[in-house]
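In: make a model of this:
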Amino acid sequence: MGELILVRHGQADFDGDEYDRLTELGRQQAAWLGAHLAESSVVPAAIYAGQLRRQQDTAAEIASVCGTDVSTLAGLEEYDADALLAASSSAFGAGADAAAGRPTDRAAHFRLLRQVLASWADGTLHPVPESFAGFRSRTAAALETLAGQTAAGPVLAVTSGGVIAAMLAAVLDLSPARLFDLNLQMRNTGVTRLITGRSGVYLNQFNAVPHLDRPDRSRAITYS
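Out: Predicted coordinates:
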């Protein structure tokens, strides 16, 4: 049996001019996770990250504690939420909140995003840089690649909430609606553990934050 540890990136700069960048808290979340893994005697045989900056920087913070080099694995990148939101202006009408970019109000952003993701999944959102079927296909391929590396020891992969949810949907045979339900509750540096073996891949733990689950870090639990 092997173990695949999926980690969502640290807090990104939702309120800034470049989302694909960790906040200082995001870097601290990742460092805390690395320390927790080390204290738990979890030594990844390999660490992978997608190509996005927030994924790479989160992996680097963890790796600096764990002492394992980071490799880039294409396929771990998140869907392009900004492009999907921009496409909603034509799909839902010119008055859609996303016409001018990401809504600045967090609640409005995630309400709209849920609607947009549903339209993306059923094929009614155009134009999009990547189809929902294509996203499912590439994340399934990344999961297969990662699972195939676990015979040598635990494999840790830093990615994003949508990717983790898509992988779980493949493992658990979930509908697109359930996939997005998982996606939108992912915590920053949340840990999802999968057990791999000859008979398949199984969910062991979902969205855990043991490195943040203490009174002095309760405010460090974030979702963006």
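
In: quick one, helices of this protein?
Out: Remark: helices of the chain, listed N- to C-terminal, are 24-39, 53-66, 81-91, 106-121, 132-147, 161-172, 176-183; assignment by DSSP state H.

In: of all those helices, which one is nearest Leu6?
Out: Ranking those by proximity to Leu6 (C-beta to C-beta) places helix 161-172 first, at 5.0 Å. C-beta: built from backbone N, CA, C; applies to glycine.

In: what about the nearest residue to Val128 once chain neighbours are set aside, neighbour count?
Out: Leaving aside its sequence neighbours, Val128 sits nearest to Ala87 (C-beta to C-beta, 6 or more residues apart in numbering; 5.5 Å). Neighbourhood size, Ala87 [other C-beta atoms under 10 Å]: 21.

In: likewise for Glu24?
Out: By other C-beta under 10 Å, 10 other residues sit near Glu24.

In: do Ser199 as well
Out: Ser199 has 7 neighbours, counted by other C-beta under 10 Å.

In: re earlier: any chance of the helices of the chain in TSV, with mean pLDDT and distance to Asp15 too?
Out: Formatted as TSV, these follow (pLDDT from 0 to 100; distance: least, C-beta to C-beta, whole Å):
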stretch	mean pLDDT	distance to Asp15
helix 24-39	98	12
helix 53-66	97	14
helix 81-91	85	15
helix 106-121	92	9
helix 132-147	98	26
helix 161-172	98	18
helix 176-183	98	21
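
In: what's the closest of those to Gln205?
Out: Gln205 sits nearest to helix 161-172 of all the helices of the chain, at 11.2 Å, using C-beta to C-beta.

In: and that closest one, how far out from the chain middle?
Out: How far helix 161-172 lies from its chain's middle: 9 Å, per C-alpha atoms, centre = their mean, to the nearest Å.

In: my read: Thr192 touches Asn207, true?
Out: Yes: at 6.1 Å, Thr192 counts as touching Asn207 under the criterion of C-beta atoms under 8 Å.

In: and these two? Which one has more around it.
Out: Between Thr192 and Asn207, counted using other C-beta under 10 Å, the more crowded position is Thr192 (24 against 17).

In: nearest residue to that one other than its sequence neighbours?
Out: Once flanking residues are discounted, Thr192 sits nearest to Leu6: 4.3 Å by C-beta to C-beta, 6+ apart.

In: give the burial count for the one you found, as a bare number.
Out: 26.

In: how about the contacts made by it?
Out: Listed by C-beta atoms under 8 Å, 6 or more residues apart in numbering, the contact set of Leu6 reads Ala157, Thr159, Ile164, Met167, Val191, Thr192, Arg193, Leu194.
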